[in-house]
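Engineer: the following comprises the amino acid sequence and a computationally predicted model.
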Protein chains: 2
Amino acid sequence: MGGIVTASAVSLGLVWEKTPDPVPRWRGNGGHRSIKYADQATMSKAVDEIRKILGQDAVSVDEHDIDEHGYSEWSTSNTDVRPAAIVRPKSTKQVSDVARICSRYRVPIVPYGAGSSVEGNFSSPFSGVCLDLSEMNDIVAFHPDDMDIVVQAGVNWTVMNEEIKGSGLFLPLDPSPTAMVGGMIATNCSGTNAMRYGTMKDYVVNVTVVLADGSIIKTRHRPRKTSAGYNLTGLFVGSEGTLGIITEATLKLAIIPDSFSVATATFPTIKQAAEAAFKMMRHGVPLAALELMDDVQMKVINSSGGAGGRTWEESPTLFLKFSGSETNVKDSLQLAKDIAKSNSCHAFESASTEEQMQSLWSARKQALWANLAVRPEGTQIWSTDVAVPLSRMAELIEISKDNASKLGLYSSVLGHVGDGNFHQMVMYEPDDPQQRNAVSDCVDSMMMRALEMEGTVSGEHGIGLGKKISLYKELGPETIGVMKALKETLDPHWILNPGKVFDN
Amino acid sequence: MGGIVTASAVSLGLVWEKTPDPVPRWRGNGGHRSIKYADQATMSKAVDEIRKILGQDAVSVDEHDIDEHGYSEWSTSNTDVRPAAIVRPKSTKQVSDVARICSRYRVPIVPYGAGSSVEGNFSSPFSGVCLDLSEMNDIVAFHPDDMDIVVQAGVNWTVMNEEIKGSGLFLPLDPSPTAMVGGMIATNCSGTNAMRYGTMKDYVVNVTVVLADGSIIKTRHRPRKTSAGYNLTGLFVGSEGTLGIITEATLKLAIIPDSFSVATATFPTIKQAAEAAFKMMRHGVPLAALELMDDVQMKVINSSGGAGGRTWEESPTLFLKFSGSETNVKDSLQLAKDIAKSNSCHAFESASTEEQMQSLWSARKQALWANLAVRPEGTQIWSTDVAVPLSRMAELIEISKDNASKLGLYSSVLGHVGDGNFHQMVMYEPDDPQQRNAVSDCVDSMMMRALEMEGTVSGEHGIGLGKKISLYKELGPETIGVMKALKETLDPHWILNPGKVFDN
């Protein structure tokens, strides 16, 4: 009954000291605090100490390894600085050892999972230690009768779902297939299933976290529901490794539905597609997913070889997923069809076999890859996402498409309509300063319009390096000031993933 | 685009001062900080200043009013101390004025909504100002097309749902019918609908919060989904008024289902009822509610006059609610019946008319009132809730019932089975020290057993005054230390609802 803590701040010699009559810690002016990190020689010394404790194999200074952990071709927010070393811990205790050493020497720690984030979330602008958690990939405990699972941060969600599928349970998120649980939590990821199942935050029962000084806390036991004390779990979810390093988590699981189906509905305009989508939602059609792809995205699919072995009509298209009992699925499909048809849909197609389902959904599934496949050599894709109140989404998509084409940029749109969240993927030549500026303007103006519509600059990718200025515009100095005050409290030397979310 | 802040910490003269090289603020030993609040004369001075700014009518020192705000007959966690005054603000600005004055004079502020909490969440152990938010009861904006609503903290949820029902939308929580949005958020409330719809935290898009020094922040715009910056919204939800005073919120709304039905299933034992319930869940039966009442609770219903105009069998009974399209409801009902019947259910009854539905559900609805109605004069009811992993619930209920009866106490049980969350209501004579000790032991041992089962000491009532020691046992000194550090950061003088959740 002595609580659920596995290591002690006392034993680590870091007990809180009282400050005399403290004053509020939120800044009214977004002012900066000067932080001094270790120089290269001191970082090497810290790395040597880590090597002594974790062993030779846990530490890599291989140039290729370092490059791979310091740069992402998925992201437009990279930095030239590289980590001093890659450290691969095998346990929460080892992560704690690393934090303790890095804290002493003021060495930044950047947690790394699958490297699938897109906003520079794992880049190392101040060098330091890149903590690759991929070897912490154990399923610690699976409790089918409690409908939950305890996993280490490096567990890949598709592997996990495969492992437990015999139980009829699954984690219903749908981010990058490569993503790992730790990163999914740190980014509060989601994907196409969010409309029905919610986002990552809705599935995290507890997290085990290593704090900046090496203390280890567990935020919660394993109840599915609680009102006991502050929601620390929720604070760490989406904090992008800036408040603590997530090493383990208990996740709620959902029931794999009996039956699935998939349909596509084609519309003359984005507006009509979105209107039909919202009518389906307001009618309470129990959809498992409600996705939108624009004419350009459909064209990209065709150019890349036509997913599902067919040529698609190059018009705005809704991709619908249904799940539940067989009767429910049939009912819902009919209702969705009726609504689509009475809202300018000129082609509604539904799957009746597993094969047809795969074929119809493949276009949605391959969207991102198709964009990468068709881009001319030397071009890059700037992929970004925003979310706005539901009723404003179609308008913002149309403005953003217009804006991109005015700037001479090729862009496609893909929307999670049920959440008012969409992605614009803009193609550009990174070596052409004019194109680079144009794409930057395009993304910025989309974010600013999202804010004017009371939206957010990131629906599911996080802030990372790339969206700090926009986040500041979204929330203003006081709200950001409160976030910074919390950061300062938990990480007084700003060693945890510095330079992300906001500047010190 | 200047952010969403409505008042400035700068303008309030409270800009963050840097501390030299701060050290971590979590305590390793749960140690205490000495806090000195204003004496009675200084409190009166503060109240006078508040009166000057908010007007005569906004401030009450009427003894009856003060008593009503300082004591709850629903709660066993009361204190003899009373607030110095009741203040009824009409706007966020006025709340900010109150906080600024109270902060200057170190006067505690205790937010008060409907007074329906049960753990002493609104009592005033250090006196101070009780901030009654019931006059801030405006629906600020209703956005049916975005499926959200902006309300002040004093809005009652049943009134709000009635107001907007024409839109086909509703807030699907189900706490006390008297509850107000501010308190619902502060307690992270839920109720019988949580299994299907989740808890309050799942419906809060943003909150406007007055911080201890009077600064006003808004945590978020209005996107239904976001990964932008820390989840401050989630931190304020469930913080019981100890981190800030919630004055306004944007809430997600859900679709009112087309069709409903209700059924009851009677079982020989709690264990069999729970087993049938879990089988329904694992089969993916789309239940809207899944409630359990024990034999004693059914007896209480009969003694109080028999809800629904009938006499109920005094055996463990599941109360099931179904919602969706008509076909879905019919299907789900049949599936639930089959599962119940093949799991020792000897009586399954379902409603086919609206009237039968009301009648069947009335027993569940009247449970709490029935307990109050049948108790002998002079006795009180200690109502408490815990939550455990699903598979442990039946066992814990049986142990807790046994334990109560061994201690000679009359107790009934009511469970939200779908969440592993249940309430035990124990009757006792408060003036009999032996009975008082017995009930206290009974509740304590239920909480300790819940912790041994990896559960929580509060599923939906919060911690308040009543469960501080248990929370400490649940989470341990380091996790509590992190919570305290966050508290200290946002409320350095501990003036916000002091003495709740944990001690300073």
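Structural biologist: Arrived safely. Numbers count the residues shown, from 1 in each chain, chains lettered A, B, ... in the order given.

Engineer: could I get the CA-only coordinates of stretch A:175-182 as PDB?
Structural biologist: Below are the C-alpha coordinates for stretch A:175-182, written out as PDB (Å, rounded to 0.1, in the frame of the first residue of the first chain):
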ATOM      1  CA  PRO A 175      -1.300   6.500 -37.000                       C
ATOM      2  CA  SER A 176       1.700   5.600 -39.100                       C
ATOM      3  CA  PRO A 177       2.000   1.700 -39.200                       C
ATOM      4  CA  THR A 178       5.600   2.200 -37.900                       C
ATOM      5  CA  ALA A 179       4.600   4.200 -34.800                       C
ATOM      6  CA  MET A 180       5.500   3.200 -31.300                       C
ATOM      7  CA  VAL A 181       3.400   3.600 -28.200                       C
ATOM      8  CA  GLY A 182       5.700   6.100 -26.500                       C
END
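
Engineer: buried stuff in it?
Structural biologist: A:175-176, A:179-182 (16 or more other Cβ atoms under 10 Å in any protein chain shown). For glycine as for every other residue, the C-beta is placed from the backbone atoms N, C-alpha and C.

Engineer: can you tell me the residue of the stretch 201-350 of chain A closest to chain B?
Structural biologist: residue A:234 (3.5 Å; Cβ to the nearest Cβ).

Engineer: point me to the residue of the stretch 351-500 of chain A nearest chain B.
Structural biologist: For the stretch 351-500 of chain A, the residue closest to chain B is residue A:476, as judged by Cβ to the nearest Cβ, at 1.9 Å.

Engineer: tell me which element that residue falls in.
Structural biologist: Element membership for residue A:476 (DSSP states H and E) is helix A:468-490.

Engineer: so which bits of that helix are buried?
Structural biologist: A:468, A:470-490.

Engineer: report the angle between it and helix B:468-490.
Structural biologist: Interaxial angle of helix A:468-490 relative to helix B:468-490 (axes from the mean of the first three to the mean of the last three Cα atoms, to 10 degrees): 130 degrees.

Engineer: show me what helix A:468-490 is packed up against.
Structural biologist: helix A:433-452, strand B:216-218, helix B:232-236, helix B:468-490 (3 or more Cβ pairs under 8 Å, 6 or more residues apart in numbering or on different chains; DSSP states H and E).

Engineer: if we can go back for a sec, find the nearest non-adjacent residue to the residue of the stretch 201-350 of chain A closest to chain B, please.
Structural biologist: residue B:234 (3.5 Å; Cβ to Cβ, 6 or more residues apart in numbering or on different chains).

Engineer: and for that neighbour, the neighbour number?
Structural biologist: Per other Cβ atoms under 10 Å in any protein chain shown, the neighbour tally for residue B:234 reads 24.

Engineer: dump the buried residues of stretch A:175-182 to TSV, plus secondary structure, distance to chain B and pLDDT.
Structural biologist: Listed next are the buried residues of stretch A:175-182 as TSV, based on DSSP: H, G, I helix; E, B strand; the rest coil; distance: Cβ to the nearest Cβ, whole Å; pLDDT from 0 to 100:
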residue	secondary structure	distance to chain B	pLDDT
A:175	coil	11	93
A:176	coil	14	93
A:179	coil	13	97
A:180	strand	16	98
A:181	helix	16	98
A:182	helix	15	98
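
Engineer: and the two most separated of those?
Structural biologist: By the measure Cβ to Cβ, the buried residues of stretch A:175-182 have their two most distant members at A:176 and A:182, which lie 13.5 Å apart.

Engineer: now, which of the buried residues of stretch A:175-182 sits nearest residue B:371?
Structural biologist: residue A:181 (43.3 Å).

Engineer: next up, the contacts around the closest one.
Structural biologist: By Cβ atoms under 8 Å, 6 or more residues apart in numbering or on different chains, residue A:181 lies in contact with A:113, A:151-157, A:160, A:249, A:251.

Engineer: go through those residues and flag which are in helices.
Structural biologist: A:157, A:160 (DSSP state H).

Engineer: which of the contacts of residue A:181 lies closest to chain B?
Structural biologist: The closest of those to chain B turns out to be residue A:251 (Cβ to the nearest Cβ; 13.0 Å).

Engineer: secondary structure class for residue A:345?
Structural biologist: Here residue A:345 is coil, with the state taken from DSSP: H, G, I helix; E, B strand; the rest coil.

Engineer: relative to residue A:261, how far out is it?
Structural biologist: 17 Å (Cβ to Cβ, to the nearest Å).

Engineer: do residue A:315 as well
Structural biologist: 22 Å.

Engineer: the two: which is more packed in?
Structural biologist: Neighbour comparison, residue A:315 and residue A:261: the larger count goes to residue A:261, with 24 against 19 (by other Cβ under 10 Å).

Engineer: residue contacts, the more buried one?
Structural biologist: Counted by Cβ under 8 Å, 6+ apart, residue A:261 has contacts A:321-323, A:329-330, A:333, A:350-352, A:357.

Engineer: that one looks like it's in a helix, true?
Structural biologist: No. Membership of residue A:261 in a helix is not supported by three-state DSSP, which gives strand.

Engineer: residue contacts, the closest residue to residue A:266 other than its chain neighbours?
Structural biologist: Nearest in space to residue A:266, with sequence neighbours left out and distances taken as Cβ to Cβ, 6+ apart, is residue A:347 at 4.2 Å. Counting by Cβ under 8 Å, 6+ apart, residue A:347 touches A:264-266, A:313.

Engineer: what residues are up against residue A:101?
Structural biologist: A:46, A:49-50, A:53, A:107.

Engineer: pick out the most distant pair among these.
Structural biologist: Across the contacts of residue A:101 (Cβ to Cβ), the longest gap, 14.3 Å, separates A:53 and A:107.

Engineer: list the contacts for residue A:425?
Structural biologist: A:368, A:371, A:381-383, A:411-414.

Engineer: quick one, phi/psi of it?
Structural biologist: phi -110, psi 120 (degrees, to the nearest 10).

Engineer: tell me the pLDDT at it?
Structural biologist: With respect to pLDDT, residue A:425 scores 93.

Engineer: beta-bridge partners for it, please?
Structural biologist: Taking DSSP bridges as the rule, residue A:425 bridges to residue A:383, residue A:412.

Engineer: so what secondary structure elements neighbour the strand or helix carrying residue A:288?
Structural biologist: Taking DSSP H and E as the definition, one finds residue A:288 inside strand A:287-293. When contacts are defined as 3+ Cβ pairs under 8 Å, 6+ apart, strand A:287-293 packs onto helix A:194-197, helix A:270-282, strand A:317-324, helix A:354-365, strand A:410-416.

Engineer: name the strands paired with that strand and say parallel or antiparallel.
Structural biologist: strand A:317-324 (antiparallel), strand A:410-416 (antiparallel).
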